[in-house]
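> sequence? don't have it. structure:
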């Protein structure tokens with residue numbers, strides 16, 4: 001079976017809706033150690049690929065050239081909420097490159113963060129490319145193009161050398177050849193890669209424990225991990241599950257979400273990678289599913305469970321603020 005039930009949405013005593021999906025847990029040797037549904041389920045990596053794409057920026061030498069900080073690496077990995085600090089860090093990178101925000105080809109979208117969006121409206125300002133959740137990734141791509149003396153106005157095209165390097169980085173970490181990876185175009189206009197969940201999980205396991213990789217790749221993996229672990233707010237934002245999970249678990253996990261309900265994690269102490277896909281793309285069930293996976297793998301302490309309790313079973317309320325149901329996990333991992 002391709003997918004199985006991962007979460008239930010209740011209303012009163014009845015299950016009103018269900019979310020199906022698939023999960024793969026893989027060690028750094030590439031062995032599947034647990035799963036739900038088909039671990040070879042093929043889907044798009046979406047923004048969960050960003051940590052692997054950031055590796056290409058680091059390995060290019062641009063990080064040393066422009067003296068990038070871990071904060072700046074974190075924003076390149078992010079799907080940020082468009083809060084002021086997020087925009088400031090992106091703008092700081094552009095200033096190091098001697099470029100303006102008009103060079104960002106990610107398009108314009110309003111901030112995810114509601115207070116930040118309301119602040120723009122109150123001031124009579126329009127969102128800019130800086131507010132786009134992918135502006136950090138795009139400024140990383142511009143960094144590579146600038147450093148390698150490549151064209152800047154078409155860096156987003158699949159045939160551009162920057163995109164080819166990003167594809168190579170993802171393929172290497174997943175143990176694949178670039179030609180084995182189908183691609184389409186993501187919401188921000190750059191290529192998005194399709195991988196099976198077990199290959200996504202494997203890439204995160206290797207990111208967590210970069211055994212058998214080149215010395216440069218190993219160092220790049222360490223930089224990416226440190227950026228994610230030390231700056232979780234920049235990776236997502238205020239009130240976001242990814243940020244809260246990283247803040248609560250400290251150095252225990254690396255994690256990155258993606259659109260259409262994709263979520264990937266690396267566990268450095270275990271050398272494990274985890275990839276989760278909810279088939280219908282609805283992200284409302286993601287936090288309970290992720291936490292259930294971590295609990296079943298015995299990766300959370302009692303204190304961590306308590307601090308993340310609001311995400312474990314999401315309470316549903318009506319317009320009168322009455323509790324009418326919940327979103328809860330509904331699966332058991334199969335150990336292999």
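That came in fine, so what should we check first? Just so it is clear, the structure is predicted and the values come from calculations on it, not from any experiment.
> Roughly how far does residue 235 sit from residue 181?
Note on residue 235: its distance to residue 181, by Cβ to Cβ, to the nearest Å, is 24 Å. For glycine as for every other residue, the C-beta is placed from the backbone atoms N, C-alpha and C.
> Mind checking which of those two has more residues around it?
residue 235 (28 against 18; other Cβ atoms under 10 Å).
> and the closest residue in space to the more buried one that isn't next to it in sequence, how many neighbours?
Of all residues not flanking residue 235 in the chain, residue 78 sits nearest, at 4.9 Å (Cβ to Cβ, 6 or more residues apart in numbering). Residues lying near residue 78 (other Cβ under 10 Å) number 33.
> got a list of what residue 78 touches?
Residue 78 sits next to 50, 86, 133, 136-137, 234-236 when contact means Cβ atoms under 8 Å, 6 or more residues apart in numbering.
> and which of those is nearest residue 281?
Nearest to residue 281 among the contacts of residue 78 is residue 133, at 16.2 Å by Cβ to Cβ.
> Spatially central residue in this protein, please.
Centroid check for the chain by Cα atoms, centre = their mean gives residue 256 as the closest residue, at 2.7 Å.
> My impression was that that one belongs to a strand - is that right?
Yes - counting by DSSP: H, G, I helix; E, B strand; the rest coil, residue 256 is found in a strand.
> Without its sequence neighbours, what residue ends up closest to it?
In space, and not counting its chain neighbours, residue 256 is closest to residue 48: 4.8 Å by Cβ to Cβ, 6+ apart.
> close enough to count as contact, that neighbour and residue 257?
Yes - the criterion here is Cβ atoms under 8 Å, and residue 48 meets it with residue 257 at 6.7 Å.
> Chain neighbours aside, what residue packs nearest to residue 80?
residue 86 (3.9 Å).
> For that neighbour, what is the enclosing helix or strand?
helix 84-97 (DSSP states H and E).
> Check which residues of that helix are buried.
Of the residues in helix 84-97, 85-87, 89-94, 96-97 count as buried by neighbour count, 16 or more other Cβ atoms under 10 Å.
> And it, how far out from the chain middle?
On the basis of Cα atoms, centre = their mean, to the nearest Å, helix 84-97 sits 20 Å off its chain's mean C-alpha point.
> helix or strand right after that helix?
By DSSP H and E, the next helix or strand past helix 84-97 is helix 114-122.
> Any idea how far that following helix is from the middle of the chain?
Worked out by Cα atoms, centre = their mean, helix 114-122 lies 25 Å from the chain centre.
> Need the mean per-residue confidence for it.
Average pLDDT, helix 114-122: 95.
> Kindly report the same for stretch 320-336.
For stretch 320-336, the per-residue pLDDT averages 96.
> Quick one: residues in contact with it.
4-12, 16, 18, 23, 25, 31-36, 284-285, 288-289, 291-293, 296-297, 313-318.
> any chance you could map the strands in the stretch 151-300 of the chain?
183-185, 191-196, 254-258, 262-267, 272-278 (DSSP state E, counting those that start in this stretch).
> what's the strand ranked longest in the chain packed up against?
Counting residues, the longest strand found in the chain (DSSP state E) is strand 14-27. With contacts defined as 3 or more Cβ pairs under 8 Å, 6 or more residues apart in numbering; DSSP states H and E, strand 14-27 has these neighbours: strand 4-11, strand 32-36, helix 197-208, strand 272-278, helix 286-296.
> How far off centre is that strand?
18 Å.
> Just the pLDDT for the closest residue to residue 65 other than its chain neighbours.
The spatially closest residue to residue 65, leaving aside those adjacent along the chain, is residue 147, at 5.7 Å (Cβ to Cβ, 6+ apart). At residue 147, the predicted lDDT confidence score is 98.
> where's residue 147 relative to residue 99, distance?
Taking Cβ to Cβ, one finds residue 147 at 12 Å from residue 99.
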